[in-house]
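1. Fold the following for me, if possible:
(one chain, ligands or ions: 2)
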Amino acid sequence: MGTALVYHEDMTVARLLWDDPECEMECPERLTVALEQLQRRGLEQRCLRLAAREASEAELGLVHSPEYVAMVRGTQSLGKGELQALSGQYDTVYFHPVGAPQPAFTKLHTPCSMPLPSTGSFGTPTPQSTFHCARLAAGATLQLVDAVLTGAAHNGLALVRPPGHHSQRTAANGFCVFNNVAIAAEYAKQKHGLHRILIVDWDVHHGQGTQYIFEDDPSVLYFSWHRYEHGRFWPYLRESDADEVGRGHGRGFTVNLPWNQVGMGNADYVAAFLHVLLPLAFEFDPELVLISAGFDSVIGDPEGQMRVTPECFAHLTQLLLVLARGRVCAVLEGGYHLELLAESVCMTVQALLGDPAPPLLGAMVPCGSALESIQRVRAAQAPHWTSLQHQDMAPVLSPSIGSPEARPPPPPPAGAEYMVAAAAEAVEALRALLDQLRLRPLPPVRTAIALTSTDAALVLPPGVLHQEGSAPREETEAWARPHEALVRNEALTALGKVLNLMDGILGGQVSSGIAATPALATAATLDVAIRRGLYLGAQRLLCVAVGQLQRPPHLSDDGRILWLDIGGPEAAALSMFHISVPLPGATGGLLNCVLGLVLPLAYGFQPDVVLVALGPAPGLHDSHSALLASMLRGPAGGRVLALVQESKPQLTGALARALHGEAPPSLGPCSAASPEDTQALKHLREQLEPKWRMLQVAVTSPGSLQSAEGEQFAPQN
Ligand code: X5A
Ligand code: ZN
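-> Ligands and ions are numbered 1, 2, ... in the order given. Have a look, this model is predicted:
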């Protein structure tokens, strides 16, 4: 079990053979640089490597018409001139002939060069055409789905080209020949009997091909964000806007989040996941998640012109891994800046492997245009999704898009030279940030657990280490001093281990830890852990206290500690850094609380470390605690310390697996939030939104955008 990586070097053969500035970016090096970087980082070696097979004609027929498949097959008998003419019949597509001269570029030795299966009804294998490559791309995706659905792998990535998401039933489009992800979704339904599949299209372009294929199908939830600019960006479609929600039985199962400006960054993307995709995804409860994983939204990409940094893809992946019991298949789509494509692919694979994601750097404040888009899609989808109902306070803005006829004609494509220059500039700006990330290597130990003698028999998940070390006794006593709850020998022993764990986490030896404490010592231990964290130099510390844990009275309110009490007596923001919310009763209420409050605050605060403490009466199901713990790995770069009471082996085991990167158990179909819980959350968010901008799901008022800038407490990185 683990992460599958599906690839075949034959997919590097197809390339553009004539002059076409719009098509030349879709080049073979996209695959080779990505694979090379995976190898250099030692990530490829950690994956279960699978050689891609070709999809059969029947498999292509799950989505495409027989005539279209025959047309693509027919390209094998055409010469270069005829192919160029044929390519011109489609929008931004090129076909590669059979037997064209191999370009001179360094071939990688890949582990995937096993012989191809014979091609059955397709006759003699013709291993150099677009047809062959495109069948491998679809086949690779199917193999990945097979591996994940048979349990041979937990999750995986298919490194493929040509990409797929623009391809339609009877048409190639936007470099795409066969719709790899759509074929895989249909295959998962028919061959594996699945009923609910989520497709997350994070490529910067709208996967209109995928949208058309599933627009009336309620068994496939299709989510896409895309550069749109009010319809002025390719593919210039009215149906890419937020008000397209699907048709017939499929209404509510197409979710479009159009970006009307370029330059969207990490805060915008994380906000879109927390406030749009994830609430719907949990309510949908998918059995499988397919990612149309294009990386053309990364900073420096000439197509996207966005500002997302590569590590954001680790966060997006992690956020999706809590769905469908972690059955996540990522399939390459676009991505045209070679270096940043490779970096982003590495980040995605790292997250799939369960490594903690590097912290997101830079201000976590979504921009006004992103909020406007988020608001519009929430309004369009609210009739179809319980989780969006009764939540928003701001009135819905009137649509800003005119009819497609009224929009100005598309500008001429930017010259390749200009794009290269712009990309180079953006990458330079990013380099300092990337270097900063590399200075903080992954800790050698991913998860350590400190148990008391009561729990010594607990069977640990594989890979989780027992932590026996302790701070010296005298030192521990000195730290414990004000607390009566810590005078007992057992409590002191446990505290010594907690201090040692905290040192390990902030010192970079351990990523996350779990510590058991004797009953009634949890609150005092938490207090000491906080003080120790500050003493060790933590600038910002997030404390999530669940279930009757008193906030230590002397705790400073200077912005270094954000105290979040889940299960407090009432919804109250006593200050910007002291927030209390009652424990939601239903699963739906808990999800609203986690996605709509806890995670936006956590991502906005950018803590150095997260402390999660489960008090005497946590009132949460173990599966809910596990979900909370695994989602709180994101904001602090994986640095989480969880405190639990001893003698709760189920809970302790669930937390250990979650912090170690295992997918939390599925929550199943979720019950709707109670009106009281929804009210409480709304009340809190109203109070906190002006300060904590990641909470916003709407532009407050048209004029307030500029003046609000810079008001948020700004973390010093
Ligand atoms: C897969 C993908 C982009 C096509 C751009 C056409 N296609 N201007 O990223
Ligand atoms: Zn794209």
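
2. Surely Thr210 is in a helix?
-> Yes - checked against DSSP: H, G, I helix; E, B strand; the rest coil, Thr210 lies within a helix.

3. residue contacts, it?
-> Thr210 makes contact with 164-165, 179, 181-182, 199, 201, 222, 224, 292, according to CB atoms under 8 Å, 6 or more residues apart in numbering. Just so you know, the C-beta spots here come from the backbone N, C-alpha and C atoms, and that holds for glycine as well.

4. and if you look at Gln687?
-> Contact partners of Gln687, counting by CB under 8 Å, 6+ apart, are Ala573.

5. List phi and psi for it.
-> Main-chain torsions, Gln687, degrees, to the nearest 10: phi -70, psi -40.

6. Ramachandran coordinates for the residue of the stretch 201-350 of the chain found nearest ligand 1?
-> For the stretch 201-350 of the chain, the residue closest to ligand 1 is Gly334, as judged by CB to the nearest ligand atom, at 2.4 Å. Main-chain dihedrals, Gly334, degrees, to the nearest 10: phi -90, psi -170.

7. Surely it and His206 touch.
-> No - taking CB atoms under 8 Å as the definition, Gly334 is not a contact partner of His206, at 11.4 Å.

8. Just the contacts of Thr210: which are in strands?
-> 199, 201, 222, 224, 292 (DSSP state E).

9. Need the max-distance pair from those.
-> Across the ones in strands among the contacts of Thr210, the longest distance by CB to CB is 9.1 Å; it joins Tyr222 and Ser292.

10. Now do the shared contacts for these two.
-> What both Tyr222 and Ser292 touch, as defined by CB under 8 Å, 6+ apart, is the set 199, 201, 207, 210.

11. beta partners for the first one?
-> In this structure, Ile199 has the following beta-bridge partners (DSSP bridges): Tyr222, Leu290.

12. Tally up the residues packed near it, please.
-> Using other CB atoms under 10 Å, Ile199 is surrounded by 27 other residues.

13. Roughly how far does it sit from ligand 2?
-> Distance from Ile199 to ligand 2, counting by CB to the ion, to the nearest Å: 15 Å.

14. Could you do Met694 as well?
-> 26 Å.

15. Hmm, Phe273 and that residue touching each other?
-> No - using CB under 8 Å, Met694 is not in contact with Phe273; the gap is 11.2 Å.

16. Show me which residues of the stretch 201-350 of the chain sit near ligand 2.
-> Residues of the stretch 201-350 of the chain lying close to ligand 2 (CB under 5 Å from the ion) are 203, 205, 294, 296, 334.

17. again but with the chain, I slipped
-> Neighbours of ligand 2 within the chain, by CB under 5 Å from the ion: 203, 205, 294, 296, 334.

18. can you put the residues you listed in TSV and add distance to Asp10 and neighbour count?
-> Shown next, in TSV, are these (distance: CB to CB, whole Å; neighbours: other CB atoms under 10 Å):
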residue	distance to Asp10	neighbour count
Asp203	23	29
His205	25	28
Gly294	21	27
Asp296	24	25
Gly334	20	28
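
19. Which of those fall within helices?
-> Using DSSP state H, the subset of those located in helices is empty.

20. how far away is the residue lying closest to Gly661 once chain neighbours are set aside from Phe282?
-> Nearest residue to Gly661, sequence neighbours excluded (CB to CB, 6 or more residues apart in numbering): Gly354, at 2.7 Å. To Phe282, Gly354 is 21 Å away according to CB to CB, to the nearest Å.

21. one step back: and the residue of the stretch 201-350 of the chain closest to ligand 1, what does it touch?
-> With contact taken as CB under 8 Å, 6+ apart, Gly334 is in contact with 26, 163, 175, 203-205, 294-296, 303.

22. With that, I have no additional questions.
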